[in-house]
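1. Provided below are the primary sequence and the corresponding predicted coordinates.
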Amino acid sequence: MTVVHCRIARLPNCQIEKNMQNPRLAGRYAKALLDMAVEHNTLEVTLKDMQLLDSICRQSADFNTMLRSPIITGDKKYTIINAVAGDSLNDLTKRFLHLLVTKNRELNMPEITVAFIEQYNVLKNIKTVNLTTATVMDDRTRAMLLGNITPFMSGATVELKEKVDADLIGGFVLEVGGKLFDASVKKKLNDIKSSIVDHSYESKMP
């Protein structure tokens, strides 16, 4: 049976750079942490740690600047990370973070957290659906939308991430598995505009 999880994804104040500094390195470190978490039976708590750190990285430009600073020592960075996280990180995560600062890889932490979450989703067969609407979607409409999506993801857990973009005017934009379905009013208006322009050119042709 398909399990559906829904959560509202708020727009971050500070986006992680689109081009990762070293995605292969991030993938290797994330895989190592994932394997250790499975081995020590701390996978779920480690996931929460990575989600927390990912959220901090996305929301705080100052935090990212601190991670990249060549002036601040590794020990100081490790202390700051734990302080910002509210001392809620589990022992495995703390040891992993200490490893990062020891190897001067703390600047890669934002992309490592993303890679860990992605690898966790693959392991647990979780499919992410990104939904952008002009206004906050009500529960009834959300349930109806999910009801149309989940039959095509048999056996998978569906995680719905929502974002509001007033520029859409109305309707929604849905991204599933790298495929984009744009049913927004903005898209329809642009299509109409393009159609008018195309016809105007056609009328001038002999």
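-> Sure thing, it's come through. Residues are numbered from 1 along each chain as shown.
2. what's near enough to touch D165?
-> D165 is in contact with 132-134, 173, counting by Cβ atoms under 8 Å, 6 or more residues apart in numbering. (Each C-beta comes from the backbone N, C-alpha and C, glycine too.)
3. Just the residues you listed: which are in strands?
-> Helix and strand membership here follows DSSP state E; of those, those in strands are 132-133, 173.
4. residue ranges for the helices of this protein, please.
-> 23-39, 43-59, 61-68, 74-84, 91-102, 109-123, 139-149, 185-203 (DSSP state H).
5. any idea which of the ones in strands among the contacts of D165 has the most stuff around it?
-> T133 (21 neighbours; other Cβ atoms under 10 Å).
6. show me the contacts for that residue.
-> 162-165, 168, 171-173.
7. for those residues, which one is nearest T102?
-> Comparing the contacts of T133 against T102 with Cβ to Cβ picks out K163 as the nearest, at 36.9 Å.
8. What about the closest one, how many residues nearby?
-> For K163, using other Cβ under 10 Å, the count is 13.
9. Apart from its chain neighbours, what residue comes closest to it?
-> The shortest distance from K163 to any residue other than its chain neighbours is 4.8 Å, reached at T132 (Cβ to Cβ, 6 or more residues apart in numbering).
10. G171 now?
-> In space, G171 comes closest to S184 once its chain neighbours are excluded; the distance is 4.0 Å by Cβ to Cβ, 6+ apart.
11. ok, now which ones touch the one you found?
-> The contact partners of S184, taken as Cβ under 8 Å, 6+ apart, are 132, 134, 168-173.
12. Give me the buried positions along stretch 39-48.
-> Using 16 or more other Cβ atoms under 10 Å as the burial criterion, the residues of stretch 39-48 that qualify are 42-43, 45-47.
13. let me fix that: stretch 59-68
-> Judged by neighbour count using 16+ other Cβ under 10 Å, the buried positions of stretch 59-68 are 59, 63-64, 66-67.
14. now do stretch 159-177
-> 159-160, 162, 164, 168, 171-174, 176.
15. ok, so of these, who is nearest G147?
-> Proximity to G147 was ranked across those by Cβ to Cβ; first place goes to L160, at 12.0 Å.
16. so what pLDDT did that closest one get?
-> The pLDDT attached to L160 in the predicted structure is 84.
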